[in-house]
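Colleague: okay, here's the prediction I keep looking at, along with the sequence it came from:
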2 protein chains.
Amino acid sequence: MSEQAEAASGSVNPAMRAAVIDLFGVLAYGELTAFARLAADAELAPSLSAKAALARMAVAEFGHFELLRDRLSELGADPDAAMEPFVAAIDGFHERTAPSTWLEGLVKAYVGDGIASDFYREIAAMLDPASQELVTRVLADSGHAEFVVTAVRAAIVEDQRVAGRLALWGRRLVGEALSQAQRVAADRDALAALLVGTPDRPGADLAEIARMLGRITDSHTRRMAQLGLSA
Amino acid sequence: MSEQAEAASGSVNPAMRAAVIDLFGVLAYGELTAFARLAADAELAPSLSAKAALARMAVAEFGHFELLRDRLSELGADPDAAMEPFVAAIDGFHERTAPSTWLEGLVKAYVGDGIASDFYREIAAMLDPASQELVTRVLADSGHAEFVVTAVRAAIVEDQRVAGRLALWGRRLVGEALSQAQRVAADRDALAALLVGTPDRPGADLAEIARMLGRITDSHTRRMAQLGLSA
């Protein structure tokens, strides 16, 4: 039985199982807070239609949360216990990056979630196919992209100074995300081992990790450009 | 063609059509704010499971909002325009009754929404069957009841003083709801005419309105008792 099949069946390899539960735990809590954050951002919306559009995105995130929670239960894990180790890091990120305007909220939803999704997808590539498939499904765009790009570009056309302020905001989001990711990597051995390997199983080497960070950085730069912002 | 069939088909009788659009408009905005409020209350939840349970209720309210918005569109009304006249009253209610604790939020979800639902159902009884059916559907319990009753009763068992504070809170919710309802009734002729009638169409007489208020009060008292609170 291959390592991947074992992890998929929830059987033997305990290190892989721990890593899968960690990844689903952090993703589940991320989706639950994304729900709360988008619902709160909806309150800043300039019109009732925009409010409903943000609320619709929040509802999609909650659907993803439920998929992850159910998979955790199927794997025999307690969803609350699986999420708990990541509450401090994710709450910390959101406290340090609370948007003060509607546009900051939109950029955060697009750019912040974009980086997080890229990172989770890179990790998922090291898991069994069933786990990979679930991660891909819950990270599918929830309709953020088009709505956000249109709104941010329109705001920049109306007032050029907006672009400078939002570019700074984008850099702050990346800095805070990196510092919380380091915190998680330092705390969660199983997740970190997925990337860097263990004595039994070689992980990515330094060159591969550098390439991964390069891919994530490139995607971020592309998303900022989409919004009309410099990264 | 009966008045009811006319209203259902969106055709002739303009007074009835205006009343239906008003009712769906106030309900739609009520559901959209219920979504936002439950999502915000979820942040006060004492556990991740409770947080997810509140978020689940919020998602159900958003589903109701979408049903009403789609029906407004089918009737040829602009949903934003239909909701707009009720934004000030509903936002005013929520500003004056922002819960400061988790339990206040739960009592508000149960008691506040209960009164509002009873009132809307009484009004819907004067509409065509299709409109009535939609109102009944969107006012169906979204899972609040059992969850709230269990949590509030447990809190009272743990600390008897909670009962006195929450009973006062319940009275405040009713007072604020009545004052906002009067504001809406004074502003929206079509809705008010549904109740009190017009020269062409007799509405409820005073005795019937008194009975309706009696029914709403009785249900409120029953809900408070369910929670272990005096009304």
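Modeller: Yes, it's here.
Colleague: next one: whatever helix or strand residue A:37 lives in to chain centre, how far?
Modeller: Per DSSP states H and E, residue A:37 falls inside helix A:14-42. Put simply, helix A:14-42 sits 8 Å off its chain's centre (C-alpha atoms, centre = their mean, to the nearest Å).
Colleague: please apply the same query to stretch A:76-90.
Modeller: Put simply, stretch A:76-90 sits 15 Å off its chain's centre (C-alpha atoms, centre = their mean).
Colleague: outside of that stretch, which residues touch it?
Modeller: A:10, A:21-22, A:24-26, A:28-30, A:32-33, A:68-69, A:72-73, A:180, A:183-184, A:187-188, B:47-49 (C-beta atoms under 8 Å, 6 or more residues apart in numbering or on different chains). Glycine gets a C-beta too; all of them are placed from N, C-alpha and C.
Colleague: any idea which helix or strand comes after the helix holding residue A:37?
Modeller: Taking DSSP H and E, what comes next after helix A:14-42 is helix A:48-74.
Colleague: next, see if that following helix gets close to chain B.
Modeller: Yes: Helix A:48-74 is in contact with chain B by C-beta under 8 Å from any C-beta of the partner chain, via A:48-49, A:51-52, A:55-56, A:58-59, A:62-63, A:65, A:69.
Colleague: helices and strands of chain A: which one has the lowest mean pLDDT?
Modeller: helix A:3-8 (a mean of 47; mean pLDDT, DSSP states H and E).
Colleague: tell me the pLDDT at residue A:152?
Modeller: Note for residue A:152: predicted pLDDT of 94.
Colleague: got it, and residue A:141?
Modeller: Per the predicted model, pLDDT is 66 at residue A:141.
Colleague: same thing with residue A:39?
Modeller: At residue A:39, pLDDT is 93.
Colleague: in chain A, what residue comes closest to chain B?
Modeller: Ranked by C-beta to the nearest C-beta, the top residue of chain A for proximity to chain B is residue A:39, at 3.4 Å.
Colleague: what is the burial count for the nearest residue to that residue once chain neighbours are set aside?
Modeller: Excluding the flanking residues, the one nearest residue A:39 by C-beta to C-beta, 6 or more residues apart in numbering or on different chains is residue B:39, at 3.4 Å. For residue B:39, the number of neighbouring residues by other C-beta atoms under 10 Å in any protein chain shown comes to 28.
Colleague: residue B:39 contacts residue A:43, correct?
Modeller: No: when contacts are counted by C-beta atoms under 8 Å, residue B:39 is not listed as touching residue A:43 (9.4 Å).
Colleague: common neighbours of those two, please.
Modeller: Going by C-beta under 8 Å, 6+ apart, no residue sits against residue B:39 while also sitting against residue A:43.
Colleague: show me where pLDDT drops low in chain A?
Modeller: Scanning chain A for pLDDT under 70 picks out the ranges A:1-12, A:141-143, A:198-199, A:201-204.
Colleague: phi, psi for the residue nearest the centre of it please.
Modeller: In chain A, the residue lying closest to the centroid (C-alpha atoms, centre = their mean) is residue A:116, at 3.0 Å. When read as degrees, to the nearest 10, the backbone of residue A:116 gives phi -60, psi -40.
Colleague: get me the contact residues on chain A for chain B.
Modeller: Counting by C-beta under 8 Å from any C-beta, chain A sits next to chain B at A:29, A:32, A:35-36, A:39-40, A:42-43, A:47-49, A:51-52, A:55-56, A:58-59, A:62-63, A:65, A:69, A:79-80, A:83-84, A:87.
Colleague: need the buried ones from those selected in PyMOL.
Modeller: Selection of the buried residues among the residues of chain A next to chain B in PyMOL, burial being defined by 16 or more other C-beta atoms under 10 Å in any protein chain shown:
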select buried, chain A and resi 29+32+35+36+39+40+42+43+48+51+52+55+56+58+59+62+65+69+79+80+83+87
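Colleague: and residue A:194, what does it touch?
Modeller: Taking C-beta under 8 Å, 6+ apart, one finds A:19, A:23, A:123, A:126-127, A:203 in contact with residue A:194.
Colleague: and the residues you listed, which two are the farthest apart?
Modeller: Using C-beta to C-beta, these reach their maximum pairwise distance at A:23 and A:203, which is 14.4 Å.
Colleague: those two: who's more crowded?
Modeller: With neighbours defined as other C-beta under 10 Å, residue A:23 and residue A:203 compare such that residue A:23 has more, 24 against 14.
Colleague: for that one, what are its contacts?
Modeller: Here residue A:23 is in contact with A:120, A:123-124, A:127, A:131, A:135, A:191, A:194 (C-beta under 8 Å, 6+ apart).
Colleague: now rank those residues by neighbours and give me the top one.
Modeller: residue A:194 (26 neighbours).
Colleague: gap between it and residue B:183?
Modeller: 58 Å (C-beta to C-beta, to the nearest Å).
Colleague: ditto for residue A:215
Modeller: Relative to residue B:183, and taking C-beta to C-beta, residue A:215 is found at 56 Å.
Colleague: ok, residue A:153 next?
Modeller: 40 Å.
Colleague: with residue A:159 instead?
Modeller: Taken as C-beta to C-beta, the span from residue A:159 to residue B:183 is 37 Å.
Colleague: same check on residue A:124?
Modeller: 53 Å.
Colleague: same check, this time on residue A:75
Modeller: Taken as C-beta to C-beta, the span from residue A:75 to residue B:183 is 53 Å.
Colleague: so the two - more neighbours on which side?
Modeller: residue A:75 (18 against 15).
Colleague: do I have it right that that one meets residue A:20?
Modeller: Yes: using C-beta under 8 Å, residue A:75 is in contact with residue A:20, at 7.0 Å.
Colleague: what's next to stretch A:179-188, contact-wise?
Modeller: Counting by C-beta under 8 Å, 6+ apart, A:22, A:26, A:85-86, A:89-90, A:92-93, A:119, A:191-192, A:195 sit against stretch A:179-188.
Colleague: stretch A:92-100 too?
Modeller: Residues contacting stretch A:92-100 (C-beta under 8 Å, 6+ apart): A:33, A:37, A:41, A:44, A:105, A:107-108, A:112, A:172-173, A:176-177, A:180, A:183.
Colleague: now with 7 Å, please.
Modeller: A:33, A:37, A:41, A:105, A:108, A:172-173, A:176-177, A:180 (C-beta atoms under 7 Å, 6 or more residues apart in numbering or on different chains).
Colleague: out of these, which are buried?
Modeller: Buried among the contacts of stretch A:92-100 (16+ other C-beta under 10 Å): A:33, A:37, A:41, A:105, A:108, A:173, A:176-177, A:180.
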